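J.: this is a predicted model, with the sequence first.
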Amino acid sequence: MKAEYDLSKMRSRRNPYAGKLKKPVSMRLSEDVVDYFKGMANEAGVPYQSLINLYLRDCVMNHRKVQIEWPSSKT
């Protein structure tokens, strides 16, 4: 390997991975939810945040919709 390289003739180019970067977000999750994913992540040998991201990505790819039914209030 050369001791010194001449980088003055290099052309700059866009990062091809820039579109795939992750966006940092802050979320408030229940402690039991975090513990659940940490346990599963530990078993799988992956970071728990990556596991949560994979789970959410699966929801996106399969177009899963949340179905929430609130109890009707009878007054």
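T.: Okay, I see it.

J.: in this structure, which spans are helices?
T.: Ranges of helices in the chain, per DSSP state H, are 31-44, 48-61.

J.: and Met1, what's its pLDDT?
T.: At Met1, the pLDDT value in this model is 59.

J.: swap in Asp32?
T.: The predicted local confidence for Asp32 is 98.

J.: check contacts around it.
T.: Contacts for Asp32 were tallied using Cβ atoms under 8 Å, 6 or more residues apart in numbering; there are none. Where you see a C-beta, it was placed from the backbone N, CA and C, and this is true even at glycine.

J.: spatially central, which residue of this structure would that be?
T.: Taking Cα atoms, centre = their mean, the centroid of the chain lies closest to Asn53, which sits 3.3 Å from it.

J.: related to what we said a few turns ago, make TSV from the helices of the chain and add distance to Leu21 to it.
T.: Below are these laid out as TSV (distance: least, Cβ to Cβ, whole Å):
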stretch	distance to Leu21
helix 31-44	21
helix 48-61	13
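
J.: do you know how far Ala3 is from Lys9?
T.: 18 Å (Cβ to Cβ, to the nearest Å).

J.: actually, Leu54.
T.: Look at Leu54 and Lys9: by Cβ to Cβ, they are 42 Å apart.
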